[in-house]
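> fold the following and give me the result.
(one chain, ligands or ions: 1)
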Amino acid sequence: MNIERSRITVSGLPVEIVRKAIKNLHLGVYPPNGRVRVAAPVRVRDEAVRLAVISRLGWIKRQRRRFHSQERQSAREYVSRESHYFLGRRYLLNVIESNGPSRVSRKGHTILELQISKRAGRLRREQILLGWYRKNLKALILPLIEKWEAKMSAKVESWGVRRMKTKWGSCNSAEQRIWLNLELAKKPVRCLEYILVHEMVHLIERHHNDQFTILMDQFLPNWRQRRDELNHAPLAHETWSY
Ligand SMILES: [Zn+2]
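The predicted structure follows:
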């Protein structure tokens, strides 16, 4: 299917438009940050999309507010019995107060044990856990990069892991540098690999054009499935006929 992507801004809100051979307009608000995307039939012009978005601005803002408040509600406290995710699995945190060095360890497939000083507050606990996520994520990424460098005959000059609010990854193709979102440590490895392959394909093709999609299909034929798994279902969506 021929897909054409563009971007407009409506009342200060960035809106992604994906044009393809469909009959109706679909409007979705998506994670990780309440991104707004409209899938539109090929012949529908930007102005018509703009009007459609404007007429649903109240709804979009409600979805985004709901999403951000859910995100606040799920702010972690780093106390025992709290759920934390690692590589797509849910673990229960077990906090053990000790005087020794702080550390995190996995106990089987269900418990994440955090040993930490009694005085450590929420922020310190978060720091320790994020450090553990980072170390584990980096250990997973390194062999994946080597695997895909060989498959793609491409070279990643440098890479790193950091917290990003709106993106799973980024690639500076001129400098052959890749950043991956620390949150990927919470997702299944196949999702991490999809993001890595996406960013590495940018080493060959900078833009999200047909060539990019051809390369993705060639290297990772099931990338759409992995992408959908990563982003789950949209937070909210609406369809209307045009
Ligand atoms: Zn990209």
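> my guess is Asn33 contacts Thr166. True?
Yes: using C-beta atoms under 8 Å, Asn33 is in contact with Thr166, at 4.7 Å. Every residue, glycine included, has its C-beta placed from N, CA and C.
> higher neighbour count, those two?
Asn33 (14 against 10; other C-beta atoms under 10 Å).
> for the one residue sitting closest to the centre of the chain, give its distance to Gly160.
Centroid-nearest residue in the chain: Trp168, 3.8 Å away (criterion: C-alpha atoms, centre = their mean). For Trp168, the distance to Gly160 equals 14 Å [C-beta to C-beta, to the nearest Å].
> give me the common contacts of those two.
Counting by C-beta atoms under 8 Å, 6 or more residues apart in numbering, the shared contacts of Trp168 and Gly160 are Leu180.
> now do the helices in the chain.
With helices called from DSSP state H, the chain shows them at 46-55, 57-73, 122-152, 189-204, 210-219, 223-231.
> so which elements touch the last one?
Here helix 223-231 touches helix 189-204, going by 3 or more C-beta pairs under 8 Å, 6 or more residues apart in numbering; DSSP states H and E.
> could you do the fourth one as well?
Using 3+ C-beta pairs under 8 Å, 6+ apart, the elements in contact with helix 189-204 are helix 122-152, strand 169-172, strand 177-181, helix 210-219, helix 223-231.
> give me the distance from that helix to the chain's centre.
12 Å (C-alpha atoms, centre = their mean, to the nearest Å).
> the second one too?
On the basis of C-alpha atoms, centre = their mean, helix 57-73 is displaced by 18 Å from the centre of the chain it belongs to.
> same check, this time on the last one
Helix 223-231 has its C-alpha centroid displaced from the chain centroid by 10 Å (C-alpha atoms, centre = their mean).
> list the buried residues in it.
223, 226-227, 230-231 (16 or more other C-beta atoms under 10 Å).
> what would those residues look like in CSV with distance to Glu16?
Output for the buried residues of helix 223-231, formatted as CSV (distance: C-beta to C-beta, whole Å):
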residue, distance to Glu16
Trp223, 18
Arg226, 19
Arg227, 14
Leu230, 16
Asn231, 13
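> how much space separates Arg162 from Ile141?
Distance from Arg162 to Ile141, counting by C-beta to C-beta: 12 Å.
> I misspoke; the intended subject was Asn231.
Following C-beta to C-beta, the distance that separates Asn231 from Ile141 is 20 Å.
> and what of Val15?
Relative to Ile141, and taking C-beta to C-beta, Val15 is found at 32 Å.
> tell me the buried residues in stretch 209-222?
Buried-residue list, stretch 209-222, by 16+ other C-beta under 10 Å: 212-213, 215-216, 219-220.
> check Asn2 and give its pLDDT.
In the prediction, the pLDDT value recorded for Asn2 is 77.
> ditto for Asn99
89.
> give me every residue that touches the residue of the chain most remote from its centre.
Using C-alpha atoms, centre = their mean, the residue of the chain lying farthest from its centre is Asn99. It sits 36.4 Å away. Each residue near Asn99 by C-beta under 8 Å, 6+ apart is listed here: Ser117.
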